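A predicted structure for the sequence below; I have some questions about it.
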Amino acid sequence: MAIIEAEGLRKRYGDRVVLDRVSFSVEEGEVFGILGPNGAGKTTAVECVEGLRRQDSGSVRVLGLDPLRQGRRLREHIGVQLQHTRLPENIKVWEALDLYASFYERARDWRGLMERWGLADERNVRFGKLSGGQCQRLFIALALVGDPKVAFLDELTTGLDPQARRATWELVKRVRAEGVTVVLVSHFMDEVEELCDRVAVLDRGAVVALDSPAGLVDGVDAEYRMSFRLLNGSDASVPDAEGLLGRLDGVTSVSRDADLVVVVGRGDFTSAVTASLARERILVGDLRIDKRTLDDAFIALTGRSLQA
Ligand SMILES: Nc1ncnc2c1ncn2[C@@H]1O[C@H](COP(=O)(O)OP(=O)(O)OP(=O)(O)O)[C@@H](O)[C@H]1O
């Protein structure tokens with residue numbers, strides 16, 4: 001069942017089109033990613049869905065409610081961690097949880113939440129003294145204090161060190177395991193690959209693809225590479241590996257440095273290469289095929305790297 005339906009969202013700031021007919025739906029129980037480079041319109045899209053910004057046109061339904069006209073009712077059922085959430089430096093962990101719980105009619109027992117999210121030892125620590133990872137744990141706990149059906153997590157791991165990022169990923173998995181649908185806004189490929197069931201790729205305000213991470217990788221005809229070493233003896237018998245392999249279907253380039261051959265291509269070119277090597281009785285070792293990644297898919301979709 002779709003828990004969120006966004007249809008044809010458009011938004012401009014002055015002359016600048018920030019969302020251009022953005023549509024997606026989120027199924028109950030999934031982790032849905034919105035992926036794109038800085039400025040792609042991710043936060044704008046998600047804040048229209050949350051009812052925090054007003055789209056110029058297009059419609060949104062979250063849990064069957066219109067976020068603009070039924071915002072108060074909706075906010076009882078959603079949890080939001082905004083991209084730039086800050087709390088007063090002096091507020092203690094327990095005070096923040098108590099405060100947020102007061103915003104909801106049917107809040108969860110925040111003491112249990114504090115235990116569950118590993119914050120019990122920090123209950124009296126002031127916000128300004130928390131580490132990056134502890135802050136994220138607190139923000140997730142705050143997003144869950146109203147016992148939401150959907151949690152929106154925007155750029156959750158930006159600025160965290162690798163260890164804290166991984167720990168935060170485990171928290172997101174736990175949120176999902178508790179039955180909460182998660183909308184995760186991110187500009188990190190690895191995060192989306194690890195956590196999301198489906199992803200909308202946003203580029204310059206438009207959804208350029210929407211699929212599972214694996215589906216996105218398989219769906220685009222991105223180049224990838226294989227490499228191998230010509231084993232002793234075969235080198236002399238294959239003076240023209242470039243010519244032999246370069247003619248195969250899907251191969252776009254072949255380069256050779258002494259006994260190391262690198263073949264770049266598309267589609268199922270690796271089968272053609274291995275079959276051709278076998279036919280010519282060319283022995284190879286150190287065979288490596290570099291997996292296509294979501295980053296390759298992103299480059300194929302948008303013409304640029306997300307990580308740049
Ligand atoms: N209130 C506003 N007024 C004018 N321009 C805005 C406003 N909010 C956002 N923008 C512009 O709209 C574009 C999209 O911003 P948005 O924050 O939605 O992108 P994003 O994909 O979430 O990027 P980031 O990851 O950097 O937050 C950006 O160019 C931004 O400068």
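Yep, it's here. Because the structure is a prediction, the values reported are computed rather than measured.

Confirm residue 167 sits in a helix?
Yes: according to DSSP: H, G, I helix; E, B strand; the rest coil, the state of residue 167 is that of a helix.

Is it in contact with residue 132, as I believe?
No: at 10.2 Å, residue 167 and residue 132 do not qualify as touching, with contact defined as C-beta atoms under 8 Å. Yep, even glycine has a C-beta here, placed from its N, CA and C like the rest.

what's near enough to touch residue 29?
176, 179, 181 (C-beta atoms under 8 Å, 6 or more residues apart in numbering).

again with residue 44
By C-beta under 8 Å, 6+ apart, the neighbours of residue 44 are 11, 18-19, 53.

Near the ligand, list only the ones from the residues you listed.
For the ligand, the contacts drawn from these by C-beta under 6 Å from any ligand atom are residue 18.

With respect to the ligand, which of the contacts of residue 44 is nearest?
Nearest to the ligand among the contacts of residue 44, counting by C-beta to the nearest ligand atom, is residue 18 at 4.1 Å.

Count the residues that sit near residue 218.
When neighbours are defined as other C-beta atoms under 10 Å, residue 218 has 13 of them.

and residue 286, what helix or strand is that in?
strand 284-289 (DSSP states H and E).

Show me what that strand is packed up against.
Under the contact criterion of 3 or more C-beta pairs under 8 Å, 6 or more residues apart in numbering; DSSP states H and E, strand 284-289 touches strand 224-230, helix 269-279.

Next secondary structure element downstream of that strand?
Sequence-wise, the next helix or strand downstream of strand 284-289 (DSSP H and E) is helix 294-302.

Kindly report the residues of the stretch 101-250 of the chain close to the ligand.
For the stretch 101-250 of the chain, the contact set with the ligand under C-beta under 6 Å from any ligand atom comprises residue 187.

and if we set it to 8 Å?
For the stretch 101-250 of the chain, the residues in contact with the ligand (C-beta under 8 Å from any ligand atom) are 154-155, 185, 187, 202, 205.

Mind putting the residues you listed into CSV with pLDDT and secondary structure?
As requested, these are exported to CSV (pLDDT from 0 to 100; DSSP: H, G, I helix; E, B strand; the rest coil):
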residue, pLDDT, secondary structure
154, 87, strand
155, 85, coil
185, 93, strand
187, 85, coil
202, 94, strand
205, 94, coil
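
Who wins on neighbours among those?
When neighbours are taken as other C-beta under 10 Å, the top entry among these is residue 202 (27 neighbours).

Based on its surroundings, how many neighbours for residue 111?
Close neighbours of residue 111, defined as other C-beta under 10 Å, add up to 14.

low-confidence ranges in the stretch 201-308 of the chain?
Across the stretch 201-308 of the chain, the ranges flagged by pLDDT under 70 are 232-239, 307-308.

Which residue would be the closest one in it to the ligand?
Closest residue of the stretch 201-308 of the chain to the ligand, C-beta to the nearest ligand atom: residue 202 (6.6 Å).

can you count the residues close to the nearest residue in space to that residue that is not next to it in sequence?
What sits nearest to residue 202 in space, not counting adjacent residues and going by C-beta to C-beta, 6 or more residues apart in numbering, is residue 36, at 3.6 Å. Residue neighbour count, defined by other C-beta under 10 Å, stands at 27 for residue 36.
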